[in-house]
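> Next one to model:
(4 chains)
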2 protein chains.
Amino acid sequence: MTIKPAKTMTLSDIARLAGVSESTASRALRDNPVINAQTRQKVQQIAADHQFKVNATARSLRTQKSHTIAVIILFDAKTQQAITDPFLLDILGVIADELTRQGYDMLLSTSKTTDKDWRSYYFDSKRADGLIVIGQGEHDERVEQLSDAGVPFVVWGAATGTERFPVIGSDNRQGAQLAVTHLLAQGCKRIAFLGDIRHTEIEMRYLGYQDALQAAGIKPEAKLQLNTDFTAQAGYLQTQQALFNELATLDGIFAASDAIAMGAMKALLEHNIKVPQQLALVGFDDIAMSAYCTPSLTTVKQDTHAGGKLLVAQLLSRINGGKAASQLLPVKLIERQSSLRKH
Amino acid sequence: MTIKPAKTMTLSDIARLAGVSESTASRALRDNPVINAQTRQKVQQIAADHQFKVNATARSLRTQKSHTIAVIILFDAKTQQAITDPFLLDILGVIADELTRQGYDMLLSTSKTTDKDWRSYYFDSKRADGLIVIGQGEHDERVEQLSDAGVPFVVWGAATGTERFPVIGSDNRQGAQLAVTHLLAQGCKRIAFLGDIRHTEIEMRYLGYQDALQAAGIKPEAKLQLNTDFTAQAGYLQTQQALFNELATLDGIFAASDAIAMGAMKALLEHNIKVPQQLALVGFDDIAMSAYCTPSLTTVKQDTHAGGKLLVAQLLSRINGGKAASQLLPVKLIERQSSLRKH
DNA sequence: AAGCGTATTGCAATCGATTGCAATATAGCC
DNA sequence: GGCTATATTGCAATCGATTGCAATACGCTT
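Below is the predicted model of the structure:
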C-alpha cells in the first residue's frame, strides 16, 4: 500500500505535474495568498499525492536560515564521561520539545568530542542559527568568546550579573540558603558542603550555604567544603572519606546535586549513621529518583520546565533581532525524610 | 584580540584573496593532491587567517549528503512525558560521541512532538542521511513503514528475528532468565514481574522470566505479571497495590527496569518488608544509581557502550551501501544487596 | 474605446560549494 | 625542434528552492 517513490521528487517535478512554473509551485506550497486559491489547492494536492517534501538543505541555502539550534552540553574536562547527570536529561527533554514546537530542529553535541570550536563549527558553517550552552562549567573561555563573535546564544548556568551574555538558571544561592536554613532549623550544627565550587553554579550554592550559616551566627569552616564531582560515586567516596577524617562530628550534609546526595546517603547508611536522626541530608535538583530512595531525599527543586522554555524563548527572540536577557528562576525546597526530624 | 569578521566569508572570497579560482580554492581546502602543494598551503593559510568555514548547507546541497543522523526517541503514547528513563541518557550519550567521532552530526527528536512522519521529515527532506530509532515501543507501525521506504535506519530494541529491519539490542530474554534463576537460587518461590509486556523488549524479559520458572518446575501465574510503566512512581504504586492484594505471599520481584525496581523498593520498605530477607528484588539496566540505593540493587547490566557503537557502525555501513544486521548483545547479572541472602 | 488598477503567473538571478572536462603550461624524449 | 605525457588550474554546470521584478490577462471606469 505504501507508495515507494522511485526517486525523490523535487519542486520542479511537482511544478511540471501541476502545469505551473517552479515559482508558482513554491508559492503555492507555502500557501502564499498571491497565488490563486485553486492553483494552490491543486499544487498542494499533487505534492501530497507524491509525498513531496521540500529539500531542507536547498531551502536553508536560499533563505540563509537553518531553522536548527545546536545544544551543547559541557563537561568537566576531567570526568571525561558521557552525559551522566539525570538533571541534564530533564532539561534536555524540555528544550527538545520546545524547539520542536517552535519549528526548530535540535542538533545535540557533547563538548567532549566537539571541543574544537563550536562557534565555527555550528554557527559560521551555518549548521545552526543559534546555540544553547548547558553548564558553564569551570569558567569556559569558549563561552566568553561566543559573546564577542555576535553569535546568538544563551547559557543555562549561573547568572552572576557580570556576564556579557544571557544566562538562564536557577537561583542557586537562594536555593542553597533555603536548604541550609532548613537543616539548621532541624537542629544541625555542623554541616558539610559537597560540591565542586569551581563550577559557577556550585559556587553560588556554596555562597548560599555560607549565607545561611552566617545568618545563624555560625562561622563557615573551609574544611567542610569538599570538592565532589557530579556523580553518586563521588558523593559516596567523599562521604566515606569525610567520616574517616575528623569530620565525624558532622550532623548535616548539603550536597550540590541529588546524585551526590544519594552517594552520600549510601555511605552514611553503610556506617550505620541514622538519616536524618544522626545526620540530616539535603540535595539539589529534585530528580525523579529523589522521592524513591529510602529515606526519601529532601532537595531543592529546579524548575526545568520553565528553564527550558525560557532558554528557547530568549534565544529565538535574539535570533529574530530582539534582545535576550538573563533570568534567575525561583527554586523550591522539597522536604522529605532525609532531613525531617520533627513532624 | 578576537578577529571579528565583518561578514561571513565565502569560498569565493578566499579564492579571490588567494588569487586562484573557486575550484582551485575548493580543492585546496580539501587537500586534493591534484593541486600544487604550495597553492594548497597558501589557500589553507588564508582560510585559517580569516576563520573561513565551509558553508555546510551549500556543501550538503551539492554533495547530496547531510552528514547528519537523526536519533528518534519513542515514547509511550500514554506517558506523554519527556525523556525520563536514565537508561536512555546513557545510550544517547554513547551514540552522540560515536557519531561525532565518525564526523556526523546528531539531530535529536522526541517522538512526542514529531509524531507526524519522521521518514518524510528527516529523510525525504534530506535533513538526515539515516535514522536511529530508540525503543520500538508498542509495535510502532511507523517503524515498519520505514523499512518499506528504503530509508537507512537501525533500531535499538528487541530483535525477535522476524523484523525486516536491523535491530540492535540486549539479549533481554537471557538477561531476565539470569535474573529470575538467581532469585530462585536465593530461595524465592513466588516472584512477581513488573513491566509492561506490550513493549517488545519487556515482552522478551517476560519470556525469560517464564523460562526460568519453568526450568525450575514452577508454573508461571499470569496474575503475577503486573503492567508497569518505566518510572519509579509506577513501580511504587504497582507494588503497593500488589501488597494490598492477595499477592502478600510474594517473596521475589523482578522489575523490568531499575527505575521501576527503585519504586518497588520504596514501597516494600515502607511496608517494613525486609529486602532481601523477606522479599528479594532484581532490576534491569544497571543505571548509575543502582549501586547507590540501599539496599543496593541487583540488576542485569546492558552494555550500552557496545550498543551505541554498534548502532552507529551498522547504520553507517548501511548508508555506505553495505548491509546492516541485527545483533543481540550479551548481558550480565550484577549481584548486589537487594537479592543476596547468603554470603 | 482608451486607460488604468488588480490578480495571477513566470523569468531569471541567487544562495555557496563541488566537480567533470577542457585548457594551459611545463617537462621530457627522440 | 617537434611531439607527447603530466601537472595545474579554470570554466561552467549543478544541487533545489526562493523571490524581486516583469509580464500578462482581465475587468472596470469614464
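> and A:V282, what element?
strand A:280-285 (DSSP states H and E).
> For that strand, the averaged confidence score.
For strand A:280-285, mean pLDDT is 96.
> Helices of the stretch 51-200 of chain A, residue ranges please.
With DSSP state H, counting those that start in this stretch as the definition, the stretch 51-200 of chain A shows helices at residue ranges A:56-63, A:86-101, A:118, A:141-148, A:172-185, A:200-215.
> looking at those helices, which is closest to DNA strand D?
Of all these, helix A:56-63 sits nearest to DNA strand D, with 3.3 Å by C-beta to the nearest atom of the strand. Glycine gets a C-beta too; all of them are placed from N, C-alpha and C.
> hang on, the earlier thing: how about the strand holding A:V282: buried residues?
A:280-285 (16 or more other C-beta atoms under 10 Å in any protein chain shown).
> Mind listing the strands that strand pairs with, and their directions?
Paired with strand A:280-285 in the same sheet, following DSSP bridges, are strand A:252-255 (parallel), strand A:298-301 (parallel).
> can you tell which of the ones you listed is closest to DNA strand D?
Ranking the strands paired with strand A:280-285 by distance to DNA strand D, with C-beta to the nearest atom of the strand as the measure, places strand A:298-301 first at 42.9 Å.
> Which residues does the closest one contact?
Counting by C-beta atoms under 8 Å, 6 or more residues apart in numbering or on different chains, the neighbours of strand A:298-301 from elsewhere in the structure are A:170, A:175-176, A:178-179, A:182, A:258, A:261, A:280-286, A:290, A:331-340.
> Just the buried ones from those?
Among the contacts of strand A:298-301, those buried by neighbour count (16+ other C-beta under 10 Å) are A:170, A:175-176, A:178-179, A:182, A:258, A:261, A:280-286, A:290, A:331, A:333-334, A:336-339.
> Tell me the one of the buried residues of strand A:280-285 nearest DNA strand C?
The nearest member of the buried residues of strand A:280-285 to DNA strand C, counting by C-beta to the nearest atom of the strand, is A:D285 at 42.5 Å.
> which ones are touching that closest one?
If a contact means C-beta under 8 Å, 6+ apart, then A:D285 has A:85-87, A:257-259, A:299-302 as its contacts.
> Identify, out of the strands paired with strand A:280-285, the most deeply packed stretch.
Scoring these by mean neighbour count under mean count of other C-beta atoms under 10 Å in any protein chain shown gives strand A:252-255 as the most buried, with a mean of 30.
> so how far is the next helix or strand after that strand from its chain's centroid?
Elements were assigned by DSSP H and E; along the chain past strand A:252-255, the next helix or strand is helix A:258-270. Put simply, helix A:258-270 sits 24 Å off its chain's centre (C-alpha atoms, centre = their mean, to the nearest Å).
> as a whole number, average confidence for helix A:258-270?
Per-residue pLDDT values across helix A:258-270 average out to 95.
> could I have it exported to CSV, CA atoms only?
C-alpha atoms of helix A:258-270 as CSV (Å, rounded to 0.1, in the frame of the first residue of the first chain):
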residue,chain,number,x,y,z
ASP,A,258,20.9,14.7,44.1
ALA,A,259,23.2,12.2,42.6
ILE,A,260,25.9,13.3,45.0
ALA,A,261,23.4,13.2,47.9
MET,A,262,22.4,9.6,47.0
GLY,A,263,26.0,8.5,47.1
ALA,A,264,26.5,10.2,50.4
MET,A,265,23.4,8.6,51.8
LYS,A,266,24.8,5.2,50.8
ALA,A,267,28.0,5.8,52.7
LEU,A,268,26.1,7.0,55.7
LEU,A,269,23.9,4.1,55.9
GLU,A,270,26.8,1.7,55.5
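> name the helices or strands packed onto it?
Helices and strands in packing contact with helix A:258-270 are listed as helix A:86-101, strand A:191-194, helix A:232-244, strand A:252-255, strand A:280-285; criterion 3 or more C-beta pairs under 8 Å, 6 or more residues apart in numbering or on different chains; DSSP states H and E.
> As JSON lines, these with distance to A:N36 would be great.
What follows is those, written out as JSON lines (distance: least, C-beta to C-beta, whole Å):
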{"stretch": "helix A:86-101", "distance to A:N36": "32"}
{"stretch": "strand A:191-194", "distance to A:N36": "69"}
{"stretch": "helix A:232-244", "distance to A:N36": "64"}
{"stretch": "strand A:252-255", "distance to A:N36": "66"}
{"stretch": "strand A:280-285", "distance to A:N36": "56"}
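> Quick check: pLDDT value at the residue in the stretch 151-300 of chain A positioned nearest to DNA strand C.
When C-beta to the nearest atom of the strand is the measure, the stretch 151-300 of chain A has its nearest residue to DNA strand C at A:V151, with 16.3 Å between them. On the pLDDT scale, A:V151 is placed at 87.
> Next one: the residue in the stretch 201-343 of chain A that DNA strand C sits nearest to from A:R62, what distance?
Closest residue of the stretch 201-343 of chain A to DNA strand C, C-beta to the nearest atom of the strand: A:I319 (17.1 Å). To A:R62, A:I319 is 18 Å away according to C-beta to C-beta, to the nearest Å.
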